[in-house]
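# Turn this into a model:
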Amino acid sequence: MKLGYTILYVADVKQTLGFYEQAFGLTQKFLHDSGDYGELDTGATALAFSSHRLMRELGKNPQPPQIESPCFEIALTTADVPAAVARAVTAGATLRQAPAQMPWGQTIAYVADINGFLVEICTPMGFRANQSNPGAATSASKAGSRRKLDGVTPNQRWKSRLICA
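Sure, this is the predicted structure:
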């Protein structure tokens, strides 16, 4: 099995797709004619959005995100976290945590999207700021998934963490 989709329930799918395009530079992959479902081109696993209305029609009871006590986050990687945070905030995101270097070597920051969902903006695991090829960080962390980075193995840091109880 493979993870195919992460789907967030939102009031306005089209507006949310536009925000993610502007704030994070992602590209819209699909928007259903009804406007109730859309996807972004995010690689092997799609980041998708479904309307509250559609989810209620399907018998679900969508709840708004709780930014003070989130139960998950979306993590987007970049070589330049401060610039990515500035772009997101300019597009309407709310800064939740300024960029900071973590003990395992990663730089992270948090923003809330226009719906209140928590988005982590971070460097890839194993990335070094002076590294000229950001893609090398991905292959380096895959190749060295068992090596320690300041006492924390890359396998201990999940990028698509579900922390709901």
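# Wait, a strand at residue 87?
No: applying DSSP: H, G, I helix; E, B strand; the rest coil, one finds residue 87 to be helix, outside a strand.
# List the residues that contact it.
Residue 87 makes contacts with 23-25, as judged by C-beta atoms under 8 Å, 6 or more residues apart in numbering. Every C-beta, even on glycine, is put in place using the N, C-alpha and C of the backbone.
# Now find how far off-centre the top strand by length along the chain is within its chain.
The strand spanning the most residues in the chain, taking DSSP state E as the definition, is strand 94-101. How far strand 94-101 lies from its chain's middle: 14 Å, per C-alpha atoms, centre = their mean, to the nearest Å.
# how many neighbours does residue 106 have?
23 (other C-beta atoms under 10 Å).
# coming back round to it: just the buried ones out of the contacts of residue 87, please.
The neighbour-count test (16 or more other C-beta atoms under 10 Å) marks 23-24 as buried among the contacts of residue 87.
# ok, back up a step: just the buried positions in the longest strand of the chain, please.
Buried, per 16+ other C-beta under 10 Å, within strand 94-101: residue 99.
# Give me the contacts around that strand.
Contacts of strand 94-101 (C-beta under 8 Å, 6+ apart): 67, 81-82, 85, 89, 107-112, 118, 121.
# all strands of the protein, in order?
Counting by DSSP E, the strands of the chain are 5-10, 27-31, 37-41, 46-51, 74-77, 94-101, 107-112, 118-122.
# Save those as TSV, and put in mean pLDDT too.
Listed next are these as TSV, based on pLDDT from 0 to 100:
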stretch	mean pLDDT
strand 5-10	97
strand 27-31	97
strand 37-41	97
strand 46-51	98
strand 74-77	96
strand 94-101	98
strand 107-112	98
strand 118-122	98
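# Adding distance to residue 61, write those out as TSV.
Formatted as TSV, those follow (distance: least, C-beta to C-beta, whole Å):
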stretch	distance to residue 61
strand 5-10	10
strand 27-31	24
strand 37-41	18
strand 46-51	13
strand 74-77	22
strand 94-101	26
strand 107-112	22
strand 118-122	21
